[in-house]
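J.: A structural model of the following input is requested.
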Amino acid sequence: MTVPTPPTDALAGTSTAFAARYLREGDAGYDDARRVHNGFVDKRPAIIARCTNTSQVVDAIALARSQNLEIAVRGGGHNVSGRATCDRGMMIDLSPMKGISIDPGARTARVEPGVTWGELNGATQAHGLATTGGVISSTGVAGLTLGGGIGWIMGKYGLAVDNLLAVEIVLADGRVVTASEQSHPDLFWAVRGGGGNFGVVTSFQFRLHPVGPTIAGGLAAHPVANAREVLRFFRERTRTAPDELTMFAGLVHAPDGSNVPLSAILACHCGSLEEGLAAIQPIKDFGPPVMDAMGPIEYSQMNSMLDAGYPRGARNYWKSSFLDELTDDAIETMARCYETCPSPMAQLLLEHVHGAVSRVPADATAFPHRRDGYNFLVLTQWMDPADDARCIQWGRDTYAAMKPFTTDGRYMNYLDADDATGSAAAYGVNYGRLQQLKRKYDPENVFHLNPNIRPVE
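T.: Okay, the predicted model is just below:
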């Protein structure tokens, strides 16, 4: 889509004390505001609307539509695909919207879309509460939630969308509505896994649960030469894991700068500390590991312990799919592919899905992936632009090699920009209903810079 650069007078009347701050190229702060977490993404919006409240979002959408500008929406976090920004359109930047309100008696939280999971965890943990959120603390609450929301306590409490009670959302026509089970329930169903397709969410209300502040969890790592044995052990442990225990595994490089390749298991138990320590003891005993960072840990620390491995500005290319089973052949393929890994920052990850997540019917929310299994992620990450071609090719080759073992399902939050068929796979059996609702709430497909749901004709 080709869009015009807006004339200077397009911003006339928008510079009052109550208006969003509009930035254009050359303005102070423009370059910092246009950049997203993924350094591989380098786009230049015609206008960046820095919004601090819902009315400013309404005004920004109206301005963009009056100027025939594409709209990209940026929350608080990563957006690996680069869909949170655009060239020559408008980026609606919600990162200044940082409000958090906790009701510890009702065990609920109201959160604005610029908040990160580290910020929300800090607020909820002051009351010994939490809701399922990202495993990296700098991940944005908004994007992760709208795409489903995998996190450390999902086995017990479900995905982020399973803990969502209501949203305030600005629609394409400028209306501001509350979507919940009682108000616009069809829209509420759609936003729980439908991404940013239906409007701009300006607040989220979550259910909270008693978690922490001290839980049992952490990381245990082994030499990469033992990857096959480690992944088979991981498979056996996940087959009998209680709801309270969420486990991930991966082939990674040491975080201390030595770049030593490792095979690692990560675990988080959100039940009692005594039960958690008993649950992780077999992981500590296996091997034994060359690195054992498992034991009592603050829940907030669990959510930030991996942050250093995902620096802002690193170049990222991701591919992912679900696996129903982690077979010996899949394990062998992962180990062989990692032997040719071109970057010490690249990883192959397995996120175990079970418990509360898989007990929700596939059509209960827009997020359809509700079977026990594993989310497999090829996380290609590097720093030097000269390495772009070989790192991207390794990601594609590894994903292709794993294709015989994966299902058709895709996790929306891990789709990269070149996933032409990813949208239908992300929405699965719910895609047809989502298309109908897209026609109802955004018939002109104003919000299409996302894993897009095209309105049904």
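
J.: From here on, just use CA atoms for contacts and neighbour counts.
T.: OK.

J.: which residues are contacting stretch 72-79?
T.: The contact list for stretch 72-79, computed with Cα atoms under 8 Å, 6 or more residues apart in numbering, reads 36-38, 83-86, 89-95, 113-116, 138-143, 196, 200, 413, 447, 449.

J.: Please flag which of those residues sit within strands.
T.: With DSSP state E as the criterion, strands contain 90-93, 200 from among these.

J.: would you turn those residues into JSON lines with pLDDT?
T.: Putting these into JSON lines (pLDDT from 0 to 100) gives the following:
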{"residue": "Met90", "pLDDT": "97"}
{"residue": "Met91", "pLDDT": "96"}
{"residue": "Ile92", "pLDDT": "97"}
{"residue": "Asp93", "pLDDT": "96"}
{"residue": "Val200", "pLDDT": "98"}
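
J.: tell me which of those is nearest to Asp397?
T.: Within the ones in strands among the contacts of stretch 72-79, distances to Asp397 taken as Cα to Cα reach their minimum at Met91, with 33.0 Å.

J.: For that closest one, list each beta-bridge partner.
T.: Residues in a beta bridge with Met91, per DSSP bridges, are Ile48, Ala72.

J.: In ChimeraX, select just the buried ones from the ones in strands among the contacts of stretch 72-79.
T.: To isolate in ChimeraX the members of these that are buried, counting by 16 or more other Cα atoms under 10 Å, one can use:
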select :90,91,92,93,200
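
J.: Give me the nearest residue to Met154, chain neighbours excluded.
T.: Nearest non-adjacent residue to Met154, counting by Cα to Cα, 6 or more residues apart in numbering: Thr132, 5.9 Å away.

J.: List of residues touching stretch 219-228?
T.: With Cα under 8 Å, 6+ apart as the contact definition, stretch 219-228 has outside contacts at 230, 251, 261-267, 283-284, 287-294, 331-332, 335.

J.: Give me the subset of the residues you listed lying in helices.
T.: Secondary structure defined by DSSP state H assigns 230, 283-284, 331-332, 335 of the contacts of stretch 219-228 to helices.

J.: can you pick the most crowded of the residues you listed?
T.: Val230 (26 neighbours; other Cα atoms under 10 Å).

J.: nearest residue to it other than its sequence neighbours?
T.: Nearest in space to Val230, with sequence neighbours left out and distances taken as Cα to Cα, 6+ apart, is Ser263 at 6.8 Å.

J.: Could you count how many residues lie near that neighbour?
T.: Under the neighbour criterion other Cα under 10 Å, Ser263 is assigned a count of 27.

J.: Could you do Gly76 as well?
T.: For Gly76, the number of neighbouring residues by other Cα under 10 Å comes to 26.

J.: Please report the distance of it from Ser101.
T.: 17 Å (Cα to Cα, to the nearest Å).

J.: ok, now Arg228?
T.: Counting by Cα to Cα, the gap from Arg228 to Ser101 is 46 Å.

J.: These two: which is more packed in?
T.: Between Arg228 and Ser101, counting by other Cα under 10 Å, Arg228 is the more crowded of the two (19 against 14).

J.: Can you tell me the SS state at the more buried one?
T.: Per DSSP: H, G, I helix; E, B strand; the rest coil, the secondary structure class of Arg228 is helix.

J.: So for the chain, the centremost residue is which one?
T.: Leu144 (3.5 Å; Cα atoms, centre = their mean).

J.: and that residue, what does it touch?
T.: If you count contacts by Cα under 8 Å, 6+ apart, Leu144 has them with 133-134, 150, 160, 413.

J.: Find me the pLDDT at it, would you?
T.: Leu144 carries a pLDDT score of 94 in this model.

J.: Now do the helices in this protein.
T.: 30-34, 54-66, 117-125, 141-146, 154-157, 185-191, 227-239, 273-285, 299-302, 328-338, 388-402, 422-427, 431-441.

J.: got TSV for these, with distance to Gly313 too?
T.: Shown next, in TSV, are the helices of the chain (distance: least, Cα to Cα, whole Å):
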stretch	distance to Gly313
helix 30-34	11
helix 54-66	27
helix 117-125	19
helix 141-146	18
helix 154-157	29
helix 185-191	29
helix 227-239	29
helix 273-285	34
helix 299-302	23
helix 328-338	23
helix 388-402	14
helix 422-427	25
helix 431-441	33
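
J.: Of those, which shows the lowest average pLDDT?
T.: When I compare those, helix 422-427 is least confident, with a mean of 85.

J.: Buried ones in that one, by neighbour count?
T.: When burial is assessed from 16+ other Cα under 10 Å, helix 422-427 yields the following buried residues: 422-427.

J.: out of those residues, which one sits closest to Ser300?
T.: Ala426 (29.3 Å).

J.: Quick check: that closest one touching Tyr414?
T.: No - with contact taken as Cα atoms under 8 Å, Ala426 and Tyr414 are classed as non-touching, separated by 9.7 Å.

J.: Give me whichever of the helices of the chain is most buried.
T.: Most buried of the helices of the chain, by mean neighbour count (mean count of other Cα atoms under 10 Å): helix 141-146, with a mean of 27.

J.: mind checking how far the worst-scoring helix or strand of the chain on mean pLDDT is from the chain centre?
T.: Sorted by mean pLDDT, DSSP states H and E, the helices and strands of the chain end with helix 422-427, the least confident at a mean of 85. Using Cα atoms, centre = their mean, to the nearest Å, the distance from the centre of helix 422-427 to the centre of the chain it belongs to is 15 Å.

J.: for stretch 280-293, same thing?
T.: Relative to its parent chain, stretch 280-293 has a centroid offset of 28 Å by Cα atoms, centre = their mean.

J.: For it, which outside residues touch it?
T.: If you take Cα under 8 Å, 6+ apart as the criterion, stretch 280-293 is touched by 216-223, 265, 267, 269, 294-295.

J.: same deal with stretch 308-326?
T.: Applying Cα under 8 Å, 6+ apart, the set of residues contacting stretch 308-326 is 36-41, 80-81, 235, 255, 345, 371-385, 392, 395-396, 399, 405-411, 414-416.

J.: Tell me which of these fall in strands.
T.: Residues of the contacts of stretch 308-326 located in strands (DSSP E): 373-382.

J.: Of the residues you listed, which is the nearest to Pro455?
T.: Each of those was checked against Pro455 using Cα to Cα; the closest is Asn375, at 28.2 Å.

J.: which one is Leu245 nearest to, not counting chain neighbours?
T.: The spatially closest residue to Leu245, leaving aside those adjacent along the chain, is His269, at 4.4 Å (Cα to Cα, 6+ apart).
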